[in-house]
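Coordinates for the following, if possible.
(2 chains)
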Amino acid sequence: MRRLEPLLAPAVFVAMVAALWLIFMVVPTERQMGIVQRIFYFHVASAWLAYLGFFTVAGASAVYLWKGSAAADRAAIAGAEIGVLFCTFVVVTGPIWARPIWGVWWTWDPRLTMTLILWAIYAGYLMLRAFGGDDEAVARYAAVLGIVGVLDIPVIRVSVRLLHGIHPNVLNQPQGSGLADPKMRLALYVASIAMLLLGGWLAMVRMRQERLASELAALRRLAEERA
Amino acid sequence: MRAALAILRKDLRIEWRTKESLSSLIVLGVLLLVALAVAYDPTPETAPTLAPAVLWATFVFTGLLGIQRGFLVERENDCLAGLLGAPIDPAAIFAGKLAANLVLLAAMQAIVVPLVGLFLHVDLAASVGGLLVVLLLGNLGFAALATLFAAIAVRTRAREVLLPVLLLPLLVPLLIGAVKATEHVMTGGLAGARDALGVLVAFDVIFTVAGWLLFTYVVRD
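Numbering: from 1, shown residues only, chains lettered A, B, ... in the order given. Next up, the predicted model:
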């Protein structure tokens, strides 16, 4: 893992440049929506990464409650931060795309509502971490929230269907609509890989920083005892 | 089971002797209801359509405070430490607290719901059966999640803000389900509310079980 980290930074750079080149130079302009549709590739890739982050929180939290391993706790922190960061990308790129197409920045459509709720749940998670206090009890509380948050996802998904919806479902549409050009699909995949590498790299840096912080705290305690 | 009943009895006895939580919840509930109704400024025709949203917004905010109080009381004189030191399963503490909170919510609603009917011109007599079903399902899921997170929030530094910040986004599906179900019950009947009731039942089952299982990790020291 540690040897992988220095390789990831250049990999992120290459993948990002490739994704941008595909999105702006290669992919044809979408017929109905025009140029603004090009935001779609990073929008959807970010959404996938956000979910990956949230599910990482739940998995790592379960391991932490079960085994009590500090590494799992660090993975949960990193997962939550990555999830919230990429979810922020989704809720920022969404309105930029929506405004020229729907005429409004925001609507209470099922998917938009769901993304915003998930963002709020995990922003709350980060608040609990930041303002809960600094004993290991907070790590346990956060783990409980991390698990409850993911359990909430299917219920949110079903409940928002009771709202009125207009969000397109691009990937699962019948032939002739959605991603008409195969290059569009390629661009989406490359953008996703770029986001995945970026998220993975950030998570690794964050976990290393947390590990060093706890080592430093332990050394400081030791020094105080000796003094 | 016996331990859970003992905790329920203890909480109800405290409440019966002080009447602190219930009286403040009812007053707060009525005030919120009035504030929301005034803010909407409805005509006699639009008033009934506001009722479901006003009803559940009122319950969420009063319920949050009431359930948090239930744990703040335990902090005084270190009662929580005594409760945790007792040779009982933490899940029994969860069950007892949950039951006490359900009684508290129901008592508050017994006053607030008729007032919503009165202020917003809803004919409650026609839909009382369906309304009871929606209230019971909504209360269970709400109280289960709120009990779990109130136990977390009272033991953190930023407790007053943290409970709503953590709980409100998690409660959104319950809120959607409860408001939609109430809408259907008030206009048609239980049949139209099937999807919304499904959401409530799923929420109740998932979070009662999750609270029951996870509460141990919250209170363990």
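
Could you use CA atoms for every contact and neighbour count after this?
Fine.

Any chance you could list what contacts stretch B:119-136?
By C-alpha atoms under 8 Å, 6 or more residues apart in numbering or on different chains, the surrounding residues in contact with stretch B:119-136 are B:37, B:44, B:47-48, B:50-51, B:114, B:116-117, B:178, B:181-182, B:185-186, B:189-190, B:197.

Can you narrow the residues you listed down to the ones near chain A?
Contacts with chain A are made by none of these, judged by C-alpha under 8 Å from any C-alpha of the partner chain.

Could you list the residues in contact with the host helix or strand of A:Thr113?
Using DSSP states H and E, A:Thr113 sits in helix A:110-131. The contact list for helix A:110-131 (C-alpha under 8 Å, 6+ apart) reads A:54, A:80-81, A:83-84, A:87-88, A:90-91, A:106, A:138-139, A:142, A:145-146, A:149, A:153, A:156-157, A:160-165, A:167, B:156-158, B:162, B:165-166, B:169-170, B:172.

Does at least one residue of the helix or strand just after that helix sit close to chain B?
As assigned by DSSP H and E, the chain's next helix or strand after helix A:110-131 is helix A:136-160. Yes: Helix A:136-160 is in contact with chain B by C-alpha under 8 Å from any C-alpha, via A:137-138, A:140-141, A:144, A:148-149, A:151-152, A:155-156, A:158-160.

From the contact counts, what lies against helix A:136-160?
Using 3 or more C-alpha pairs under 8 Å, 6 or more residues apart in numbering or on different chains; DSSP states H and E, the elements in contact with helix A:136-160 are helix A:40-67, helix A:70-102, helix A:110-131, helix B:159-187, helix B:194-219.

among these, which is nearest A:Gly200?
Of all the helices and strands packed on helix A:136-160, helix A:70-102 sits nearest to A:Gly200, with 8.7 Å by C-alpha to C-alpha.

That closest one near chain B anywhere?
No: Helix A:70-102 does not reach chain B (C-alpha under 8 Å from any C-alpha); its nearest approach is 14.1 Å.

other SSEs contacting that helix?
helix A:40-67, helix A:110-131, helix A:136-160, helix A:182-226.

Could you check how far the residue nearest the centre of chain A is from chain B?
Geometric centre of chain A, nearest residue: A:Ala50, 2.1 Å, by C-alpha atoms, centre = their mean. Using C-alpha to the nearest C-alpha, to the nearest Å, A:Ala50 is found at 17 Å from chain B.

can you pull the contacts of that residue?
So A:Ala50 contacts A:82-87 (C-alpha under 8 Å, 6+ apart).

repeat for B:Ala51
B:116-117, B:120, B:122.

Give the next helix or strand downstream of the helix or strand it falls within.
Assigned by DSSP H and E, B:Ala51 belongs to helix B:47-75. As assigned by DSSP H and E, the chain's next helix or strand after helix B:47-75 is helix B:79-85.

Report all helices and strands that the helix or strand of chain B with the lowest mean pLDDT contacts.
For chain B, using mean pLDDT, DSSP states H and E, the weakest element among its helices and strands is helix B:79-85, scoring a mean of 79. Helix B:79-85 sits against no helix or strand, with contacts defined as 3+ C-alpha pairs under 8 Å, 6+ apart.

Can you list the buried residues in it?
Across helix B:79-85, burial judged by 16 or more other C-alpha atoms under 10 Å in any protein chain shown covers B:Leu80.

what residue ranges in chain B score low on pLDDT?
B:221 (pLDDT under 70).

What parts of it come near chain A?
Selection of chain B residues close to chain A by C-alpha under 8 Å from any C-alpha yields B:152, B:156-159, B:162, B:165-166, B:169-170, B:172-174, B:176-177, B:180, B:195-196, B:199, B:202-203, B:206-207, B:210, B:214, B:217-218, B:221.

who's in contact with residue 160?
In the absence of a named chain, this looks at chain A. A:109-111, A:113-114, B:173, B:176.

not quite, I wanted chain B
B:Glu160 makes contact with B:153-154, according to C-alpha under 8 Å, 6+ apart.

rewinding a little: tell me the most packed of the contacts of B:Ala51, by neighbour count.
Of all the contacts of B:Ala51, B:Val116 has the most neighbours under the rule other C-alpha atoms under 10 Å in any protein chain shown, reaching 24 neighbours.

helix/strand/coil for that residue?
Judged by DSSP: H, G, I helix; E, B strand; the rest coil, the three-state class of B:Val116 is helix.

roughly how far apart are it and chain A?
Distance check for B:Val116 against chain A: by C-alpha to the nearest C-alpha, it reads 24 Å.

That residue: what's it in contact with?
Counted by C-alpha under 8 Å, 6+ apart, B:Val116 has contacts B:33, B:51, B:55, B:122.

want to throw those residues into TSV with distance to A:Gly34?
Output for the contacts of B:Val116, formatted as TSV (distance: C-alpha to C-alpha, whole Å):
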residue	distance to A:Gly34
B:Leu33	48
B:Ala51	43
B:Leu55	45
B:Val122	49
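
Show me which of those is closest to B:Leu102.
For those, the nearest to B:Leu102 is B:Leu55 (16.7 Å; C-alpha to C-alpha).

what's the neighbour count on the closest one?
B:Leu55, neighbours per other C-alpha under 10 Å, totals 23.

quick one: it and B:Leu33 touch, right?
Yes: using C-alpha atoms under 8 Å, B:Leu55 is in contact with B:Leu33, at 7.4 Å.

that older thread, scan the contacts of A:Ala50 and report the most crowded one.
A:Gly83 (29 neighbours).

So that one versus B:Leu33, what's the distance?
Distance, A:Gly83 to B:Leu33, using C-alpha to C-alpha, to the nearest Å: 37 Å.

Please report the number of neighbouring residues for A:Ala218.
The burial count for A:Ala218: 12, using other C-alpha under 10 Å.

Please list all residues in contact with it.
A:Ala218 touches nothing, counting by C-alpha under 8 Å, 6+ apart.
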